[in-house]
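In: How does the following fold in three dimensions:
(one chain, ligands or ions: 1)
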Amino acid sequence: MARLTAIQLQSVPDIIENLACIETILSTLPESAEHLVVLPEACLYFGGKDAQQIEFAEPLGNGFMQKKLALLAVQYNVYLLAGTIPISSKQDDKFTASSLLFSPEGKLLNDYQKIHLFDVDVADNEKSYRESTLTQAGEKLSITTLPSFNVGMTVCYDLRFPELFRALTKQGADVICVPSAFTKVTGKAHWQALLQARAIENQVYIIAADQEGEHLNGRQTYGHSMIINPWGEIMTMKAEGVGYVSSNFDRELISKIRADIPVARHNKFSVKLNLT
Ligand SMILES: O=C(O)CNC(=O)[C@H](CS)NC(=O)CCC(=O)C(=O)O
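Out: From the prediction side, this is the model:
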């Protein structure tokens, strides 16, 4: 049976240190013939000076961070989804927040550039987030066929846009990943409810891998990484600290829920992507 895992990190502004931490966790995971492991948003650099990410952004398909991630996928025999790393964009002064999926053979299978950018005011010590200052928004859906299921990609603030999840589901997603660095304040209020809603309304598994804790620049993230089944049940959750949560993928559960409550067939609305 295929296995789904979310890794929870307290990433620091040091790529090597984060890679070492990820490797330690990967070395403790249960073995599985088919295993999708999701790392949080900004897994290799977080809590430092955001502008620094422009300096080490890599071209897609080539660079130190991608080589290391590919090697880890091979070494631990997993499909490894790196929540986001900075990838060079068309604009010199911006990067894309890219989610990259590596195969157990170390091949880059797919990439997703975060579509919805967090230009938001929050009642925490940051007060105002303006992600679009340094990040170029993505414009395409990403869905990948693995042996046992199709996996759709989203990132963090995307969680608030149900149309994206619906579009991925319409394209066949069985599992949707939500690597995140959710703020502690908005996380407490909305994280679990939004994740469960996306799982229930689309009848998909959700793998939510979050940053957690107080980071070096004072930012606080919510943690509570979890895996939710297509009935909306939280299979496993890690509230605090660094580590992982893991659960089985059950194809029959998706089929049964979709047959019993055929929302896809009953739905009177269609979604249209409006990416400008
Ligand atoms: O900036 C980085 O290094 C990594 N990226 C993030 O932390 C991003 C953009 S600032 N955070 C979110 O999207 C939080 C969403 C959220 O908390 C909500 O929707 O409530």
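
In: For this protein, what lies in contact range of the ligand?
Out: Residues of the chain found near the ligand, taking Cβ under 6 Å from any ligand atom as the criterion, are 41-42, 46, 50, 118, 129, 131, 156-157, 160, 181-183, 186. Backbone N, C-alpha and C define where each C-beta goes, glycine included.

In: now with 5 Å?
Out: Within the chain, the positions adjacent to the ligand are Ala42, Phe118, Tyr129, Glu131, Cys156, Tyr157, Ala181, Phe182, Thr183, Thr186 by Cβ under 5 Å from any ligand atom.

In: Which positions in stretch 7-16 come out as buried?
Out: Within stretch 7-16, the residues that qualify as buried are Ile7, Gln8, Leu9, Gln10, Ser11, Val12, Pro13, Asp14, Ile15, counting by 16 or more other Cβ atoms under 10 Å.

In: where exactly do the helices run in this protein?
Out: Using DSSP state H, the helices assigned to the chain run over residues 15-26, 52-56, 64-75, 162-170, 184-186, 192-202, 251-260, 263-266.

In: could you dump those to JSON lines with mean pLDDT and distance to Val151?
Out: Converted to JSON lines, those look like this (pLDDT from 0 to 100; distance: least, Cβ to Cβ, whole Å):
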{"stretch": "helix 15-26", "mean pLDDT": "98", "distance to Val151": "18"}
{"stretch": "helix 52-56", "mean pLDDT": "93", "distance to Val151": "25"}
{"stretch": "helix 64-75", "mean pLDDT": "98", "distance to Val151": "14"}
{"stretch": "helix 162-170", "mean pLDDT": "96", "distance to Val151": "9"}
{"stretch": "helix 184-186", "mean pLDDT": "98", "distance to Val151": "25"}
{"stretch": "helix 192-202", "mean pLDDT": "99", "distance to Val151": "13"}
{"stretch": "helix 251-260", "mean pLDDT": "98", "distance to Val151": "13"}
{"stretch": "helix 263-266", "mean pLDDT": "96", "distance to Val151": "18"}
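
In: May I see these arranged in CSV, with distance to Pro104 as well?
Out: Conversion of those to CSV gives the following (distance: least, Cβ to Cβ, whole Å):
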stretch, distance to Pro104
helix 15-26, 12
helix 52-56, 26
helix 64-75, 6
helix 162-170, 23
helix 184-186, 34
helix 192-202, 26
helix 251-260, 20
helix 263-266, 31
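
In: can you tell which of those is closest to Asp124?
Out: helix 184-186 (4.6 Å; Cβ to Cβ).

In: Next, the buried residues of the closest one.
Out: By neighbour count with 16+ other Cβ under 10 Å, helix 184-186 contains the buried residues Lys184, Thr186.

In: now that helix, how far from the chain's geometric center?
Out: A distance of 18 Å separates the C-alpha centroid of helix 184-186 from that of its chain, computed with Cα atoms, centre = their mean, to the nearest Å.

In: Likewise for stretch 32-43?
Out: Relative to the chain's own centre, stretch 32-43 is displaced by 9 Å; criterion: Cα atoms, centre = their mean.

In: Next: stretch 133-148.
Out: On the basis of Cα atoms, centre = their mean, the separation between the geometric centre of stretch 133-148 and that of its chain is 10 Å.

In: Any idea how far apart the tips of it sit?
Out: Counting by Cα to Cα, to the nearest Å, you get 39 Å between the two ends of stretch 133-148.

In: tell me which residues in it are buried?
Out: Within stretch 133-148, the residues scored as buried using 16+ other Cβ under 10 Å are Leu134, Thr135, Gln136, Ala137, Gly138, Leu141, Ser142, Ile143, Thr144, Leu146, Ser148.

In: follow-up on the earlier one: which one of the residues of the chain next to the ligand is nearest Tyr112?
Out: For the residues of the chain next to the ligand, the closest approach to Tyr112 (Cβ to Cβ) belongs to Cys156, at 11.9 Å.

In: My guess is the closest one contacts Thr183. True?
Out: No - contact criterion Cβ atoms under 8 Å: Cys156 and Thr183 do not qualify, at 9.6 Å.
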